[in-house]
Structures are given as structure tokens and as C-alpha cells.
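1. build me a model:
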Amino acid sequence: MNHVNVMTVDDSAAILTIIAAYLEDSEFDVVASERDGRRAVQRFQEIRPDIVLLDLIMPGQSGVETLGQILQIDPKACVVMISSLGTEDAVHECLSTGATSFLQKPFTRDDFIAFMRGIERPA
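-> Numbering: from 1, shown residues only. Sure thing, here's the model as predicted:
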């Protein structure tokens with residue numbers, strides 16, 4: 001089974017822990033977790049994960065700003081925005097900025113794994 005490297009970015013330590021637990025014993029390996037957008041951009045540059053799970057609402061630098069900076073580093077980066085505030089405008093802004101997909105919180109482990117397996121990553 002091919003392993004997929006995942007970086008999680010969320011200001012909530014609880015969400016980072018839940019995502020890591022959900023991905024345990026799957027083909028997805030959490031290789032980095034950041035709670036701040038600026039650090040996430042630096043880590044992305046260092047490790048180039050296959051998928052970035054990025055919270056939309058974070059203090060300091062927003063998820064959309066972070067998304068834009070990651071895409072400047074790698075225009076083909078696979079970035080999935082995650083938020084409990086999935087308004088149509090927010091989803092549209094993320095996708096038009098270049099996010100691969102948008103996932104609404106909360107989600108169950110089974111739904112999350114199915115979602116992750118369905119993400120189309122650029123070759």
C-alpha cells in the first residue's frame with residue numbers, strides 16, 4: 001500500500017489530535033502538524049507533503065492567505081480546506097484560490113477516510 005504524507009494545520013490542538021487518530025492505521029501518515037499559518041508555509045516548503053489539510057479560520061494568518069502562499073511555492077499542491085463555517089462564499093473563495101477540495105467539520109472517521117481516499121492529487 002502506498003503511503004500518503006499529510007500535513008495538518010489547525011489552531012485547535014484537539015482537531016489535530018482527532019485527525020491524527022482518524023488517520024492512524026490507514027495509508028495516510030501525518031508527517032507534520034502546525035497550529036499557525038506562517039509555520040505551516042515554512043513546514044510545507046521543507047517537507048512537501050502529498051496533502052495539506054488546512055483550517056479556514058485561524059488567528060494571525062487566515063487559511064486562505066496560507067493557501068495562497070503554499071500555492072506560490074507549489075502551484076500543484078493538494079490543499080484541502082477544513083472548516084465548520086462552510087458558507088457558500090467561503091467554499092467558493094477557497095476553491096477559486098486553488099484549494100483542491102473543502103471539507104465541512106464535524107465529520108466521522110469513516111466519512112473522513114472515504115473523503116481522503118477520494119481526493120484527486122495532481123500527478
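
2. give me phi/psi at the most centrally placed residue in the chain?
-> By Cα atoms, centre = their mean, the chain has its centre lying nearest to L53, at 1.0 Å. Per-residue torsions, L53: phi -100, psi 110 (degrees, to the nearest 10).

3. for the residue lying closest to it once chain neighbours are set aside, what is the enclosing helix or strand?
-> Leaving aside its sequence neighbours, L53 sits nearest to T8 (Cβ to Cβ, 6 or more residues apart in numbering; 4.8 Å). Using the backbone N, CA and C atoms, a C-beta is placed for each residue, glycine as well. Taking DSSP states H and E as the criterion, T8 maps to strand 4-9.

4. could you say what helices and strands that strand packs with?
-> Under the contact criterion of 3 or more Cβ pairs under 8 Å, 6 or more residues apart in numbering; DSSP states H and E, strand 4-9 touches helix 13-23, strand 28-34, helix 37-47, strand 51-55.

5. most packed of the ones you listed?
-> strand 51-55 (a mean of 25; mean count of other Cβ atoms under 10 Å).

6. what angle sits between that strand and strand 4-9?
-> Angle, strand 51-55 to strand 4-9, by axes from the mean of the first three to the mean of the last three Cα atoms, to 10 degrees: 20 degrees.

7. in its sheet, which strands sit next to strand 51-55, and in what direction?
-> Next to strand 51-55 in the sheet, as set by DSSP bridges, lie strand 4-9 (parallel), strand 79-83 (parallel).

8. which one, of the ones you listed, ends up nearest to R117?
-> strand 4-9 (9.3 Å; Cβ to Cβ).

9. restrict the closest one to CA atoms and write it as PDB.
-> Written as PDB, here are the backbone C-alpha positions of strand 4-9 (Å, rounded to 0.1, in the frame of the first residue of the first chain):
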ATOM      1  CA  VAL A   4       0.400   9.300   1.600                       C
ATOM      2  CA  ASN A   5       2.100  12.100   3.600                       C
ATOM      3  CA  VAL A   6      -0.300  14.500   5.200                       C
ATOM      4  CA  MET A   7       0.400  17.800   6.900                       C
ATOM      5  CA  THR A   8      -2.400  19.100   9.200                       C
ATOM      6  CA  VAL A   9      -2.900  22.800  10.000                       C
END
